[in-house]
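*Asks:* below is the sequence, then the predicted model.
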Amino acid sequence: MTFIAALAIAITISIETLEQLVFKTASKLSAYRKYLLALGVAFHICQLGAWFFVLTLLPLGIAAPLMGATYVTVAIGSRLVFGEKIDKRRAIGIAAIIIGLAIITRSEI
């Protein structure tokens, strides 16, 4: 995987994570809901553009599983921003995803 491909997938995952956190915030703050929803939609459009760029750089069979990292980043973001708990079962799932991502990226090298 090239540096550009790795950077593109990292940006795509980051935008997706921000999108999910903004939508969660919109569900909690009714006074700012329409603005937060608009921001979430804007993030989604940016994420789609980044995803299309990733698909020009990587095969779908590699790119799609790498997007599984959003499960990890959203869980960590939810913990940091909203104080959500990461229980034992969820932590095991996150560890399994990280191991899977390591295997996928290792096989691509």
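*Replies:* Done, it's in.
*Asks:* from here on, just use CA atoms for contacts and neighbour counts.
*Replies:* Will do.
*Asks:* show me the helices in the chain, by range?
*Replies:* 3-28, 33-57, 60-66, 69-82, 88-108 (DSSP state H).
*Asks:* pipe these into TSV and attach mean pLDDT and mean neighbour count per row.
*Replies:* Shown next, in TSV, are the helices of the chain (pLDDT from 0 to 100; neighbours: other Cα atoms under 10 Å):
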stretch	mean pLDDT	mean neighbour count
helix 3-28	97	18
helix 33-57	97	17
helix 60-66	92	15
helix 69-82	96	17
helix 88-108	88	13
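*Asks:* need the residues that contact stretch 38-50.
*Replies:* With Cα atoms under 8 Å, 6 or more residues apart in numbering as the test, stretch 38-50 has contacts from 8-9, 11-12, 15-16, 18-20, 22-23.
*Asks:* which residue of the chain lies farthest from its centroid?
*Replies:* In the chain, the residue that sits farthest from the middle, by Cα atoms, centre = their mean, is residue 31; the gap is 26.4 Å.
*Asks:* gap between that residue and residue 8?
*Replies:* In this structure, residue 31 and residue 8 are 34 Å apart, going by Cα to Cα, to the nearest Å.
*Asks:* repeat for residue 88
*Replies:* Plainly put, residue 88 is 31 Å away from residue 8 if you go by Cα to Cα.
*Asks:* model confidence score at residue 109, please.
*Replies:* We have a pLDDT of 49 for residue 109.
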